[in-house]
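Peer 1: Have a look at this fold, sequence not included:
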């Protein structure tokens with residue numbers, strides 16, 4: 001995935017002044033099977049930039065359905081995922097293995113490779129300490 005975009009290429013969620021509401025369905029998620037080149041993966045993702053401040057942050061929505069194959073993803077940034085439905089079966093390159101269920105929060109530290117196992121079936125909201133990945137935006 002390429003992270004070469006600059007802050008000027010986006011419309012940010014954070015608009016001053018006041019309160020904002022993002023209605024469900026306002027954005028369309030991207031299919032990961034074609035992006036990753038793994039047809040058996042059943043997973044979707046969306047990156048939406050929050051702010052253009054010096055410390056970039058991106059809000060996202062991630063879904064995964066049971067499939068015949070999972071996938072690995074290398075994180076070079078901090079990400080926090082809050083599971084809102086279902087479950088995610090995850091492991092990392094440090095030997096940790098977790099089943100994250102609705103209401104659980106997963107913290108993924110920079111420099112970690114996470115395996116999203118094929119039995120995962122859920123949806124999560126995440127905040128990533130980066131600009132949006134243009135592949136997912």
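Peer 2: Perfect, thanks for sending it. These figures come from a predicted structure and were not determined experimentally.
Peer 1: Could you count how many residues lie near the residue lying closest to residue 28 once chain neighbours are set aside?
Peer 2: In space, and not counting its chain neighbours, residue 28 is closest to residue 46: 7.2 Å by CB to CB, 6 or more residues apart in numbering. C-beta: built from backbone N, CA, C; applies to glycine. By other CB atoms under 10 Å, 19 other residues sit near residue 46.
Peer 1: Helix, strand, or coil at residue 46?
Peer 2: The three-state assignment at residue 46 reads strand, by DSSP: H, G, I helix; E, B strand; the rest coil.
Peer 1: Now do the buried residues in stretch 40-50.
Peer 2: Residues of stretch 40-50 classed as buried by neighbour count (16 or more other CB atoms under 10 Å): 41, 42, 43, 44, 45, 46, 47, 48, 49, 50.
Peer 1: of those, closest to residue 11?
Peer 2: Distance to residue 11 across these (CB to CB) is lowest for residue 49, with 7.7 Å.
Peer 1: Throw the buried residues of stretch 40-50 into CSV and include pLDDT, thanks.
Peer 2: Output for those, formatted as CSV (pLDDT from 0 to 100):
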residue, pLDDT
41, 94
42, 94
43, 94
44, 94
45, 92
46, 90
47, 88
48, 84
49, 83
50, 79
